[in-house]
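Asker: sequence and computational prediction follow.
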Amino acid sequence: MTSDLSLPIPTEAGASFHFRTSQFTGTQRPWLDLYGVRLRAVPYFGSASSRPFVDPALIHRCLPDELLFEVFTRMTPYSLGKAACVCRKWRYTIRHPVFWRSACLKAWQASGPVENYRIIQSVYGGSWRKMWLVRPRLRTDGLYVSRNTYIRAGVAEWKVTNPVHVVCYYRYIRFYPSGRFLYKNSSQKVKEVVKFMNFRTSKADCVFSGHYTLTNDQVEAALLYPGLRRTVLRIRLRVRGTTAGANNRLDLLSLVTSGVNDSEINDPDGDMLGVVEGWEEDETHNPDVPAVSHRRGFTPFVFVPFEEVETSVLNLPVDKMDYFVPG
């Protein structure tokens, strides 16, 4: 049995529309014609063309769009990413280029605005947001932490037992957009070290400063250890991220310490990258301090934002975190 059925559907406005079902043998199934059709219930205030849309969100009715825009301009890029998950209106508002342009120019200020404008037009199609998500960069809103462990033999007691100890130490790096960074080796936890990672700290805290450059995803950094025998620490890193735009991992590619002559250092706080530029990996300028290419403690750096330093798992002791996979 084949039939053709046309059914009227009443609406709130009193009007009606018809849909035509496909022809079936046997039972009619008019609801199949509704598949793939998006329906939206909107209160009726007149004709369909002059019907206004009332936003049900209370914050949108109390907060003007201009004031909301000003609030977003004062938020950090990662706070903007969280706010974009609130609703559709916030998501489309946060896609405005003005938010991401200021973030990109601050993140790559060492490259200069002219170079940044050239890169965004030639590589990222003029999208500041795409540049922020795709282009490798170093995060400055927290610390990069490398957790390393090794086994050290203890002192034998009564020639019967020979204890061993698990030694845990950390490498900390904090980057600044200006091209400078702070470096510290310590056995202290993240929540204890974060208060010392600034340029106002004293020399007793053993926080050393240096300069770095970022080329694509490669980081070249160098700093000077002061003392009777001045030593240069040269670091080569690679930036990557576990998700798009995260840039929350640093792979340690090489770590070299070498001697340097006092005559080569005009300013102890100056840029050491210019001094060691062109040096070979095993090159040293002070025979009393030979160059050493370190091969241990190459655990990747994990980024910890400032707001998570108190709750980070890196604060756990060794007995509660017997292994750690940074990813």
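Answerer: In hand now; what should we look at? Since this is a predicted model, take the numbers as computed values, not measurements. Numbering: from 1, shown residues only.

Asker: which stretches of the stretch 201-327 of the chain have low pLDDT?
Answerer: Within the stretch 201-327 of the chain, the stretches with pLDDT under 70 are 268, 327.

Asker: list the buried residues in the helix or strand harbouring Ser102.
Answerer: Here Ser102 sits within helix 97-107, counting by DSSP states H and E. Neighbour-count burial for helix 97-107 flags 99-101, 103-105, 107 (criterion: 16 or more other CB atoms under 10 Å). Quick note: C-beta positions are derived from backbone N, CA and C, even for glycine.

Asker: need the residues you listed in TSV with distance to Asn286, can you?
Answerer: Converted to TSV, the buried residues of helix 97-107 look like this (distance: CB to CB, whole Å):
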residue	distance to Asn286
Phe99	49
Trp100	47
Arg101	46
Ala103	43
Cys104	41
Leu105	41
Ala107	37
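
Asker: quick one: which of these is nearest to Leu253?
Answerer: Nearest to Leu253, judged by CB to CB, of those is Ala107 at 22.0 Å.

Asker: mind checking pLDDT for the closest one?
Answerer: On the pLDDT scale, Ala107 is placed at 87.

Asker: quick one, what contacts it?
Answerer: By CB atoms under 8 Å, 6 or more residues apart in numbering, the residues touching Ala107 are 132, 137-138, 140, 177.

Asker: could you rerun that using 6 Å?
Answerer: Arg137 (CB atoms under 6 Å, 6 or more residues apart in numbering).

Asker: do the same with Val256
Answerer: Applying CB under 6 Å, 6+ apart, the residues near Val256 are 234, 281, 293.

Asker: identify the bridge partners of it.
Answerer: Bridge pairing for Val256 (DSSP bridges) gives the partners Arg234, Ser293.

Asker: distance check, it against Arg171.
Answerer: According to CB to CB, to the nearest Å, Val256 and Arg171 sit 15 Å apart.

Asker: the residue positioned nearest the centre of the chain: which element?
Answerer: Closest residue to the average C-alpha location of the chain: Ala246 at 3.3 Å, with CA atoms, centre = their mean. Ala246 is part of no helix or strand, with elements assigned from DSSP H and E.

Asker: what sits closest to it if chain neighbours are left out?
Answerer: With CB to CB, 6 or more residues apart in numbering as the criterion, Ala246 has its nearest non-adjacent residue at 7.8 Å, and that residue is Phe303.

Asker: give me the helices and strands touching the helix or strand containing that neighbour, please.
Answerer: Assigned by DSSP H and E, Phe303 belongs to strand 301-305. Strand 301-305 is packed against strand 142-153, with contacts defined by 3 or more CB pairs under 6 Å, 6 or more residues apart in numbering; DSSP states H and E.

Asker: would you list the strands that whichever helix or strand comes after the strand it packs on pairs with, along with their directions?
Answerer: For strand 142-153, the following helix or strand on the C-terminal side (DSSP H and E) is strand 164-175. Partner strands and pairing direction for strand 164-175 (DSSP bridges) are strand 142-153 (antiparallel), strand 180-186 (antiparallel).

Asker: the ones you listed: lowest mean pLDDT?
Answerer: strand 142-153 (a mean of 88).

Asker: buried residues in it?
Answerer: Result for strand 142-153 [16+ other CB under 10 Å]: buried residues 142-147.

Asker: just these now: which is nearest Arg95?
Answerer: Nearest to Arg95 among those, with distances taken as CB to CB, is Gly142, at 25.1 Å.

Asker: quickly list what the closest one is bridged to.
Answerer: Beta-bridge pairing of Gly142 under DSSP bridges involves Pro305.

Asker: for Ala103, which non-adjacent residue is closest in space?
Answerer: Closest to Ala103 by CB to CB, 6+ apart is Pro77, at 4.4 Å.

Asker: tally of neighbours for the one you found?
Answerer: For Pro77, the count of nearby residues is 20 (other CB atoms under 10 Å).

Asker: please renumber so the chain begins at 10
Answerer: Yep, numbering from 10; the last one is Pro86 now.
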